[in-house]
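>>> no sequence for this one, just the structure:
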């Protein structure tokens, strides 16, 4: 539910709208965008108590001359995981508000995996203190699969409780699309909780897509081809056009806006790294790129403002019109879409208060000390399953290869680009470690690890040297979470992420600097794979094909089972698989 | 709130959608309209448990061959007063369902004036029994003005109670637009009850329209010019395009659909007489006429189905797509828009059960016997206010004229087309009678009267002979309400409307026959004004300029006060008025 209208403010609002009292602020001389008619109107915009009173001839206590500039409603991100920015919400707001994003709809499933509903409630509460308007969807799939080990599972009751919060709009992406389509009772029970349900249906089409939509799912942000996008629109799903750091779908999908208009399409960022937002932008970057790809600016603006607001039922957002919240961007032109000025509820965004982080949110590492022998893999020789990285994808290949062994233990073989990978359960201190091998990073020495590993966010570490792996994990333990690069028996670079092991509590600039240092340090280890830490974080996401690893071991995603490291020609041949699906995107 | 999804039906729906189980019904060979993409898709439509499972290749227990025909979603009337049809809801359903209207959103303010919330609850309950899906808005303005005398006023508490009913979607048209715009506390208190509020703002524009929209009103169905329509769309109001029996706005407004697309415009009928529906059609007539006026059929269909559903938040209606209710019309072509077949929730509409009418709904006339001397108007001579009819309008002129008098009483003067008009309070038996004179009917003898007089629905009677007027009222009393024509001291024609004095309990054919007989009988009295009974019913609506009459006397609508029959040159000159507003339409 969105905030109820405070009755006390109406008399003054109406007096201002009628022209009987001066507005708090009048913006004069601009071209005012009507998202309803896709026109540019000439007129003063009168703002009172944070709300637009009207567009017309008005006087105000304060006057803003915007002659010749363009006034558009603030951008709304239809689907985002705030945690991907690695920033606390106040710092996230400092980053995206100046870019024109004035509201977002967030799925907090990263923090939900680490801290349960308590973590979600904390995040929702923290967002009440900042000028960025953050709405939430209740995370529907914690854990993402039965092979992952979050701190605890979110139950139907947890979701019900979350859904009663004022800023929780519905059920977040139903990632368990096979469960929905097949009519799994646990998934249907979730669907019965809410009428507003986000989808996540990579590669689903035809009758299966019909079943997914018939279950009551209202959107999808996983379409990556124009055919998939078209099929979703026809099936009645809103098409959330995503341009994340890994999965980028704008160019493929945007021709559909030309074909069908912008009314059932909305922009979203899903997962954007902090450097991606800092360098490229946020929703404004999607608007800019859509225009560069030939979409009329008016249609692109609708997809970045009114459409996401309509989709989520946020009827106070998405327009500069009487009664709408005065989230207003002053644009110098219709090409860069970087605002000169951002008004949030009628006020320029200035100081944003610092969110306080309580101790319990920072103490999430429950992991006993580890040593190099914890990473030993007994090995008798023979074929082994190896995770194969694919450039530009978060899907992996399921390879089979021979492993080097020393003294009865399998070891990394940098010459053949074979590194060891481990996932260590870190929420309950069970000591559970999943071990395997991965090809594609190019790592020649040391190790790097992180407490970012979708979606359960256990510790994941890759390396060619058990001692370096142990040192990386020990350092992560000391930091309370983060990203660490170890080479030559010492820590070479690190980004502490003490908040749930997911977020920094430092300013953006420090995060970017540490992030760059980590990239350089991994390159110094010989790593050639682009954005290696981001790739590392997806190796544990056991709902994306083909071979993944969690604290429970290697997961054959297509077969939906934990599989041993050793590959048995005879046994495994029985399970001959289809080629891995081309669709790859994570939430 | 719309009906919640019954969880038990989902597994079978999904099995059918997947193609794993046969559908209940498959419609094959047609062009299937997608309201989302405005395309015609080829494919089978699979229906299970009243819901569309999908469009694709399907098998079903039953097969309907619709080769070459057009499948479109059922029409939704965005705003209607059911009582204008003079039919009980079951008979109304028998009339409009075959025309393709499968859902309506009704404002029950006629019955609310006569029977309070009890009447509304009875109507809502009655609608549960019929296949036509009737949603309601809580009537916000009972009485329509302080000069009208309904049975009782609907309070904030009454509205709150109504708004909690499952089929009540929001607050009905806020007819007291001056009160809303000026910020009247009683009107703002109503607005605080609901987020979904219909508007009614005839002639309102500029800053006043901004104030009306800023108050939280979401639509208007009173725009009658393209400029008014454009202004409403820009202000963020949904434009409900009305084609009623009296007020007809389609031709003026429909070019806006070409200009802006059909996404913020929806069709409604507001007040359609039974003969109008029988002869011309219902929402299908608006679709047909829009197409005849050059609008693409695809856009006209959106305005008749998806748009009204979206506006009212009816997310199970308005599309033939997975999960949507199977309200499906089979059209032979895209010109007449009269369906060959209508499926309501997947089933052809056949027998519609008769709604039972309890005694208390039929006993609403609380009026003591009247005699001719009750209609006497003491008169000393001089100028008098006279209501002047205007052809094609429901506004009236405020005339000043000399009256004939006999023995100290003012009398009708057929030679100068001056008839007497009386409104008799009939809900509480107060004996209150308002008396006045009207010019324009052309009546030369007798009288005609009705218990239809918007919005309080007291008895209204016009005549040239006090005895005939008394006889008409006595007959209405005996009938428990209706329409009566009296000539030469006997009843010449009558239509009993025993249900609240508003509705017949007879079949459409009998209502039409009686209605025709009444028209002929009025002509026999010399009446020349077209649709005289309909005009009569608007003479008491004291929110439409300029001079009206209620049981409290003559009402000067522009001055918002009860005024005496005698016109005093000196006193009245002080109140020199603006010319009567051109906008005329009733709810």
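That came through fine. On a predicted model such as this, the values are computed, not experimentally measured, just so you know. Residues are numbered from 1 along each chain as shown, chains lettered A, B, ... in the order given.

>>> From here on, just use CA atoms for contacts and neighbour counts.
Will do.

>>> ok but residue A:533 is inside a strand, no?
No. Assigned with DSSP: H, G, I helix; E, B strand; the rest coil, residue A:533 falls outside any strand and is helix.

>>> Pull the number of nearby residues for it.
25 (other C-alpha atoms under 10 Å in any protein chain shown).

>>> Any stretches of chain A with poor pLDDT?
A:1-6, A:570, A:573-587 (pLDDT under 70).

>>> Can you check which helix is longest in it?
Assignment by DSSP state H gives helix A:109-127 as the longest helix of chain A.

>>> Name the residues that touch that helix?
With C-alpha atoms under 8 Å, 6 or more residues apart in numbering or on different chains as the test, helix A:109-127 has contacts from A:81, A:83, A:89-90, A:108, A:133-134, A:136, A:139, A:141-143, A:150-154, A:158, A:162, A:167, A:355-356, A:361, A:364, A:427, A:454-457, A:500, A:502.

>>> Same question for stretch A:80-87.
Counting by C-alpha under 8 Å, 6+ apart, A:89, A:92, A:104-111, A:268-274, A:497, A:502-508, A:511 sit against stretch A:80-87.

>>> ok, 6 Å please
Identification of contacts with stretch A:80-87 by C-alpha atoms under 6 Å, 6 or more residues apart in numbering or on different chains yields A:106-107, A:269-274, A:503-504.

>>> quick one, helices of the stretch 1-150 of chain A?
With helices called from DSSP state H, counting those that start in this stretch, the stretch 1-150 of chain A shows them at A:10-18, A:89-96, A:109-127.

>>> mind putting those helices in CSV, distance to residue A:46 and mean neighbour count included?
Output for the helices of the stretch 1-150 of chain A, formatted as CSV (distance: least, C-alpha to C-alpha, whole Å; neighbours: other C-alpha atoms under 10 Å in any protein chain shown):
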stretch, distance to residue A:46, mean neighbour count
helix A:10-18, 8, 25
helix A:89-96, 25, 21
helix A:109-127, 28, 22
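
>>> Can you check which of those gets nearest to residue A:334?
Nearest to residue A:334 among those is helix A:89-96 (18.8 Å), distances taken as C-alpha to C-alpha.

>>> Could you give the separation of that closest one from the chain centroid?
In terms of C-alpha atoms, centre = their mean, to the nearest Å, the centre of helix A:89-96 is found 15 Å from the chain centre.

>>> and what of stretch A:517-532?
On C-alpha atoms, centre = their mean, the centre of stretch A:517-532 falls 23 Å from the chain's centre.

>>> Over to stretch A:227-247?
The answer for stretch A:227-247 is 16 Å, by C-alpha atoms, centre = their mean.

>>> Is chain B within reach of it?
Yes. Applying C-alpha under 6 Å from any C-alpha of the partner chain, one finds stretch A:227-247 touching chain B at residue A:235.

>>> what's whichever helix or strand residue A:256 is part of in contact with?
In the assignment (DSSP states H and E), residue A:256 maps to helix A:255-260. Here helix A:255-260 makes contact (C-alpha under 6 Å, 6+ apart) with residue B:37.

>>> how about that helix: buried residues?
By 16 or more other C-alpha atoms under 10 Å in any protein chain shown, the buried positions in helix A:255-260 come out as A:255-257, A:260.

>>> can you tell which of the helices of the stretch 1-150 of chain A is closest to residue A:176?
Nearest to residue A:176 among the helices of the stretch 1-150 of chain A is helix A:109-127 (13.5 Å), distances taken as C-alpha to C-alpha.

>>> any idea how far the closest one is from the chain center?
The chain centroid and the centroid of helix A:109-127 are separated by 14 Å under C-alpha atoms, centre = their mean.

>>> now stretch A:368-378
32 Å.

>>> Give me the buried positions along it.
Neighbour count says stretch A:368-378 has A:370-371, A:374-375, A:377 buried, by 16+ other C-alpha under 10 Å.

>>> Which member of those is positioned nearest residue B:418?
Closest to residue B:418, out of all of those and judged by C-alpha to C-alpha, is residue A:370, at 104.7 Å.

>>> got the contact list for the closest one?
By C-alpha under 6 Å, 6+ apart, residue A:370 lies in contact with residue A:470.

>>> which stretch of helix or strand covers it?
Going by DSSP H and E, residue A:370 is not part of any helix or strand.

>>> mind checking how far it is from chain B?
Using C-alpha to the nearest C-alpha, to the nearest Å, one gets 47 Å for the distance from residue A:370 to chain B.

>>> likewise residue A:175?
17 Å.
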